[in-house]
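J.: Structure of the sequence below:
(chains A and B)
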Amino acid sequence: MTNINDIISTLNSYTLKNTFDVYIPSLKRDVKFKPITTKQQQSFYTCLVDNIIYNTRFIITTYNVIKESCTEPDIIDSLTIIDRLVILLALRKNTLGSNIIVHKDDVDWAVSFDSSLEYAKTLQIPESKTCITKNIQVDIHVPLIVDQYGMEKELREKEPVDKNVDYNNAVEQAILNEACKLIKEIYVIEGSDPISLNYNALTYTDRLTLIENLPAEILLELQNYAKTINIITSDLLTIDTDNNDTVTIDIAVDFFLDK
Amino acid sequence: MPFKLNAYLPSLQAEVQIKELYYKQYRELVKSLYNTDKKETIQQYNSILQDLCSDILDKDITFEDKLSLLLTVRNYCVSPDLNLKCTLPGNNTFTYTTTVETLLQLIKAINKSSTLEWNGISVSFSSYKARDEHVFLSNNNDIFVVLASYIDSIKINNETVIFKDFTLENRLQIVYSLPHALCNQVYQNILTIEEKYEEEDLLVIVNPANKEPVLRMSKNITCQSMQKLIEYNFTENLNNIYRAFYNMVRYAGFSPEYIDTITPVEMQVYWMYYAQDNEKTSENKNDTGGLNLPAGGSLNSELGF
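T.: Now for the predicted structure:
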């Protein structure tokens, strides 16, 4: 073979034949994924220098990797951030294996995350929820990766990564950002019919502005819902060690660079 | 028909034939080491090697192959001896002497070639390719560039992709399209081979006073170590190179065209004959017309050998 396009095409066909199953909790079924290519792996190196609060580059990169590797493009926009973690665990296992070193209390623990992938098959994605306060109705759901990606792309991709961080302001912004992703739709109740504000049609900047003006009770509901999600992700990423302790996997760029 | 020498390509474990290195080419090799643009120096060496050895035109020779070819012509056409002047802190100096043949035999024994089978894909690799040398000048350790240079061929679905047919850019495209799990395994194999050769000595120079090593080069040939070895074997005072040429034409009466078609070592032989004749016919050995004639049988530093 001497034509570069033919070679790339042959390699793409090869990867299609070597797909592997990943159980997607939100769909409650397996979806086939292609193995990570070297180009995708290389893209992780660009995340070594990243926004320390939002991991902007890592989120954008992992979204692109998931989108390129998934053999069912139609499901991408419905994948949740919990699905994302499961997919990243599976992609990592397929590429570099499931053994990792986790650093805890100045000790390096060699563990396998096979148990996390097994646990993923049993976990339940929290149902969507509706909160009504005064004349505002907010539908909330487990954040979607498309919003996680879209927000980083729109708000922070072009920001310099070495920007000085005002931590007080950053924490406040981080809470609003999380809230923004949790919201599925906002309605204003006038009379008997809720009127949709077309939340998803807004830019992320406008969504944040809108959230800043929501009643405080809604924000509390959002925080409680977020806690439920955090418990699930924490359980997913927590692994038992040999000495009856537990460690938690940090799914950051190192997860794809270390063996 | 030009006289040819047998040379060895370690990556292919095969012999090739190489023409003698003429004085003109030797002069160009020495001169190019003075060039501050190292990429041009590399191109000059590669170009001369291609002129000397047509057998490599259809091959993607490695760093080790290139050294083997250069040391072969250095050994037979310039001098079999390698004298390295070492300067210690405090400006004490000593000369380390070895033979080019010793280095050559060690280089010939380097075999980094291997094949990895992975889920129906077969990847054959050998070593860094000489044509990529300029890419590694700046100590480029990019894993994907290393793989693009190391890999010789990929066999997939009974189709074989021969890497020598592609530019580095295209080879990188192919590497980027490979499953990373495969690339990772190939790279781990390369690291294991390199670590093995890193442990083995190629050239060790010890301080004669305290027996401490002052220089060590391993058999893990990198761009930097290859550059050093070429410098050690082909650095020569340019004045000597030109003066020797001048003497042969001006005093020994050889035509410039002919001088450029003989090897440096042949030129040295002719100069010795000339000097011996001169000694016999001259009544006054000190009256040499300004020539710094060598003593019979000894080498002349002006010839640069």
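
J.: Could you tell me whether A:K32 really is in a strand?
T.: Yes: applying DSSP: H, G, I helix; E, B strand; the rest coil, one finds A:K32 inside a strand.

J.: what about it, neighbour count?
T.: A:K32: 13 surrounding residues under other CB atoms under 10 Å in any protein chain shown. Yep, even glycine has a C-beta here, placed from its N, CA and C like the rest.

J.: just checking, it touches A:F20?
T.: Yes: assessed by CB atoms under 8 Å, A:K32 is found in contact with A:F20 at 6.9 Å.

J.: Where does whichever residue of the stretch 101-250 of chain B sits closest to chain A fall, secondary structure wise?
T.: The minimum distance from the stretch 101-250 of chain B to chain A, using CB to the nearest CB, falls at B:Y176 (3.4 Å). Taking DSSP states H and E as the criterion, B:Y176 maps to helix B:168-177.

J.: Go through that helix and flag the buried ones.
T.: Within helix B:168-177, the residues scored as buried using 16 or more other CB atoms under 10 Å in any protein chain shown are B:L168, B:R171, B:L172, B:Q173, B:I174, B:V175, B:Y176, B:S177.

J.: Would you mind listing what in chain A touches chain B?
T.: A:1-2, A:4, A:7-8, A:10-15, A:18, A:35-42, A:94-96, A:259 (CB under 8 Å from any CB of the partner chain).

J.: Okay, helices next: where are they in the chain?
T.: All of this is about chain A. Ranges of helices in chain A, per DSSP state H, are A:4-17, A:38-45, A:56-69, A:81-96, A:114-120, A:145-155, A:167-182, A:204-212, A:216-237, A:254-257.

J.: meant chain B actually
T.: B:23-32, B:38-52, B:63-73, B:100-108, B:143-150, B:168-177, B:180-198, B:223-234, B:238-250, B:256-259, B:264-281.

J.: and those, which is most packed in?
T.: Most buried of the helices of chain B, by mean neighbour count (mean count of other CB atoms under 10 Å in any protein chain shown): helix B:63-73, with a mean of 26.

J.: now what about that helix, what contacts it?
T.: Here helix B:63-73 makes contact (CB atoms under 8 Å, 6 or more residues apart in numbering or on different chains) with B:5-12, B:16, B:18, B:20-21, B:45-46, B:49, B:52-53, B:56, B:59, B:61, B:100, B:103-104, B:107-108, B:110, B:112, B:127-130, B:133, B:221-223, B:226, B:229-230, B:233-234.

J.: number of nearby residues for residue 19?
T.: If you meant another chain, say so; for now it's chain A. 16.

J.: I was after chain B.
T.: Neighbour number of B:K19 under other CB under 10 Å is 16.

J.: Does A:E154 touch A:D206 like I think?
T.: No: contact between A:E154 and A:D206 fails when scored by CB under 8 Å: they sit 10.3 Å apart.

J.: Output the below-cut-off pLDDT ranges for the chain.
T.: In the absence of a named chain, chain A is used. Along chain A, segments meeting pLDDT under 70 span A:160-165, A:258-259.

J.: was after chain B, sorry
T.: B:1, B:283-305.

J.: if we go to 80?
T.: Chain B contains residues with pLDDT under 80 at B:1-2, B:139, B:282-305.

J.: Point out the residues in it that sit beside chain A.
T.: Checking chain B against chain A by CB under 8 Å from any CB, the hits are B:119-121, B:144, B:147, B:156-157, B:159-162, B:165-166, B:170, B:173-181, B:183-184.
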